[in-house]
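S.K.: Predicted model and sequence below, questions to follow.
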Amino acid sequence: MSQLQHKVETTFATIPKKESLWLDAWKRLRRRKLAMLGGGIVLFFIILAVLAPVLTPYPYDGAELSQRFIKPMEEGHWLGTDDLGRDLFTRIVYGAQISLRVGFLAVVGSIIVGTYLGLVAGYYGKWIDMIISRVFDIMLAFPSILLAIAIVTILGRSLTNALIAIAIINVPTYGRLVRSKVLSLKEEEFIMAAKAIGMKNWRIIYHHLLPNSMTPIIVQGTLGIATAIIETAALGFLGLGAVPPTPEWGTMLADSKDYIQLAPWTVIFPGLSIMLVVLGFNLLGDGLRDALDPKMKQ
Amino acid sequence: MAENFVLEVKNLKTYFHSDNGLLPAVDDVSFQLKPGETLGIVGESGSGKSVTSLSIMGLIPKPPGEVRGSIIYKGQDIVQASEKKLREIRGNEIAMIFQEPMTSLNPVFTIGNQMIEAIRLHTSLSKKEAHHKGIEMLKLVGIPRAEEIMGEYPHQLSGGMRQRVMIAMAMSLNPSILIADEPTTALDVTIQAQILDLMRNLKKDYNTSILLITHDLGVVAEMCQRVVVMYGGKVVEEGDVRTIFKEPKHPYTIGLIKSTPKIKENLERLYSIPGNVPSLNNMPKGCTFAPRCEQATEICRNQVPPLFSITGEHKSRCWLNEKDALDNREGA
């Protein structure tokens, strides 16, 4: 044995590279300027949202009718005030809190449910897959915003219900993604090897299939936050999301749209915020996809 | 025969249901594995050798697969065994290593992680104890820097190293049977020799029986005591490794041996058996090998030959051997 061991030790040149997959991905991500720009935008809004109470002296819901339609950069209002004399900057900063939170929670919700269903459908196949996949197909047959409107109409208008609706309509996206990933992973030899050492099904699912499906979920999730934020704003704009005076960006747009000629800034700034955040998440997501794609690795 | 077998496969039939009807991937295969023995299962691609090994592990997907017959391990028929019972046997009692070491480890976990998981699956060792056991096993299979390798990912290792890890993992539970499905096919020739060396040494140390599935007769000659030659889902010849190489009886075995390069002869062209393994949904009526056989006669094309016993353990499924074995034919 020791002779053999020695032979091996001299035969095998050891591979010097020793990095975790994530560190590797981070290094590749850092080289992508657009992704870093996207990440910067996202980080900027996160900081705004977290520091909201510190950044502004005004309350987001304090109507001050004597202060209506103050132009940006005048009288201590950086972005001016709206039709009720509320400081626009304050409302946008608090709005960032709402949009990011709703976007994030909705995506997390969709991912949890979608991943679970996708894993089950992909791994067990047969009739379970049949049922889950057909339900996904049905949900995807509707335009998603229409489905969201229907769900909010049933549940009643509120930010929480908008969040739930958005989470529900995005479940099939993640479900299908995970299912397809599982279908290909299932044929991999290491899954057969896991079975061959006597591993239980649920252990194979959670220990082998789930971690190997994480990459596409992370990418899709990052892009999904952008979609969720737009959908929240859309529902808000349609009067089905947040209830005033909640400073939700879409609701703000809807409330100010009548004053677009009188005070364009009341529309421009919420709109710009939505655009920027969505752009940020999309750039970051695209960068993540490139950085995490194993095919790009070589 | 009152002999003691670790594994006894009796009339194993593994069928797959398909649009073209029932496809017999393994058709009435019987063989025995003795303690501490290395049994080679040889055959071309599509001869049913891998399906046989998966049937033993109980890893044939059902449906579309269907397994009949019996596989007796320690006096228990594992074809009928429950999934729970099978899980206890898998890995713990019968371990398996696969052909493709590049993909048989989970790419997102470290080697240590996977070793520990495999060990803890069947033992009550703590994480730390399992970690030590893992290092010990890696050292045993000749992996240098075992402690460091435990913290590395599969993509950081070469194919030979990964196959060593797979063997370490399979042997860590001290199974009584190791099924090796073409363990060296995907490796370089020099690494092949090392892996075979390693398996031979482990077998000696642990007294494990090995079921070696391969299409490489060189590997068989080097490793096995007995050989089962499979063709078209059936056993066509079975016997002691010396007998098979010295006096092969079945034309298929003869062809296989003829088609391996030999050092002494310097032929321009290597012999090859004409034709291909018949597809499962288009099996010949008589002997499955008849369409490719130079010596095929009328009876070969019409009647399936039984497995004739020639001498002791040497059996051949060919009508040409009928005369040699009329007295002690079995299993018509």
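M.R.: It's in.
S.K.: what sits against the most centrally placed residue in chain B?
M.R.: By CA atoms, centre = their mean, chain B has its centre lying nearest to residue B:213, at 2.7 Å. Taking CB atoms under 8 Å, 6 or more residues apart in numbering or on different chains, we find residue B:213 in contact with B:40, B:41, B:49, B:50, B:52, B:53, B:179, B:180, B:181, B:182. Where C-beta positions appear, they are placed from N, C-alpha and C, glycine not excepted.
S.K.: How many residues are close by the fifth one?
M.R.: Right, residue B:52. Using other CB atoms under 10 Å in any protein chain shown, the number of residues around residue B:52 comes to 28.
S.K.: quick one: the helix or strand hosting it to chain centroid distance?
M.R.: According to DSSP states H and E, residue B:52 maps onto helix B:49-57. Relative to its parent chain, helix B:49-57 has a centroid offset of 8 Å by CA atoms, centre = their mean, to the nearest Å.
S.K.: anything in that helix near chain A?
M.R.: Yes: contact of helix B:49-57 with chain A (CB under 8 Å from any CB of the partner chain) involves residue B:57.
S.K.: moving C-terminal of that helix, what's the next helix or strand?
M.R.: Heading C-terminal from helix B:49-57 (DSSP H and E), you reach strand B:65-73.
S.K.: tell me which residues in that following strand are buried?
M.R.: Buried residues in strand B:65-73, counting neighbours by 16 or more other CB atoms under 10 Å in any protein chain shown, are found at B:65, B:67, B:69, B:70, B:71, B:72, B:73.
S.K.: how close does the second one sit to chain A?
M.R.: Using CB to the nearest CB, to the nearest Å, we find residue B:67 at a distance of 15 Å from chain A.
S.K.: Check the contact between residue B:163 and residue B:183; I expect there is one.
M.R.: Yes: with contact defined as CB atoms under 8 Å, residue B:163 and residue B:183 form a contacting pair (6.4 Å).
S.K.: can I get the buried residues of strand B:65-73 in JSON lines with pLDDT?
M.R.: Converted to JSON lines, the buried residues of strand B:65-73 look like this (pLDDT from 0 to 100):
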{"residue": "B:65", "pLDDT": "84"}
{"residue": "B:67", "pLDDT": "89"}
{"residue": "B:69", "pLDDT": "90"}
{"residue": "B:70", "pLDDT": "90"}
{"residue": "B:71", "pLDDT": "91"}
{"residue": "B:72", "pLDDT": "90"}
{"residue": "B:73", "pLDDT": "89"}
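S.K.: quick one, phi psi at residue A:63?
M.R.: Main-chain torsions, residue A:63, degrees, to the nearest 10: phi -70, psi 130.
S.K.: what about the strands in chain B?
M.R.: B:7-18, B:21-33, B:38-42, B:65-73, B:76-77, B:94-97, B:177-181, B:209-214, B:226-231, B:234-240, B:308-311, B:314-316 (DSSP state E).
S.K.: which residues are in contact with the third one?
M.R.: Strand B:38-42 is contacted by residues B:31, B:33, B:49, B:52-53, B:203, B:209-215, B:217, B:219-220, B:223-230, B:241, B:256 when judged by CB under 8 Å, 6+ apart.
S.K.: could you flag which of those are buried?
M.R.: By 16+ other CB under 10 Å, those give B:31, B:33, B:49, B:52-53, B:203, B:209-215, B:217, B:219-220, B:223-224, B:226-230, B:241, B:256 as buried.
S.K.: what separates residue B:152 from chain A, distance-wise?
M.R.: Applying CB to the nearest CB to residue B:152 and chain A gives a distance of 7 Å.
S.K.: Count the neighbours of that residue for me.
M.R.: 20.
S.K.: relative to its centroid, which residue of chain B is most remote?
M.R.: residue B:128 (34.3 Å).
S.K.: coming back round to it: how many degrees apart are the helix holding residue B:52 and strand B:65-73 in direction?
M.R.: For helix B:49-57 against strand B:65-73, the angle by axes from the mean of the first three to the mean of the last three CA atoms, to 10 degrees is 60 degrees.
S.K.: tell me the angle of helix B:49-57 relative to strand B:234-240?
M.R.: Using the same axes, to 10 degrees: helix B:49-57 against strand B:234-240 is 80 degrees.
S.K.: Grab the longest helix from the chain for me.
M.R.: Chain wasn't specified; assuming chain A. Across chain A, the helix with the greatest residue count (assigned by DSSP state H) is helix A:88-124.
S.K.: actually it's chain B I care about, not the one you picked
M.R.: helix B:189-206.
S.K.: What are the buried residues along it?
M.R.: Quick answer for helix B:189-206 (16+ other CB under 10 Å): B:191, B:192, B:194, B:195, B:196, B:197, B:198, B:199, B:202, B:203.
S.K.: Give the members of the residues you listed that are also in contact with chain A.
M.R.: Within the buried residues of helix B:189-206, those near chain A by CB under 8 Å from any CB are B:194, B:197, B:198.
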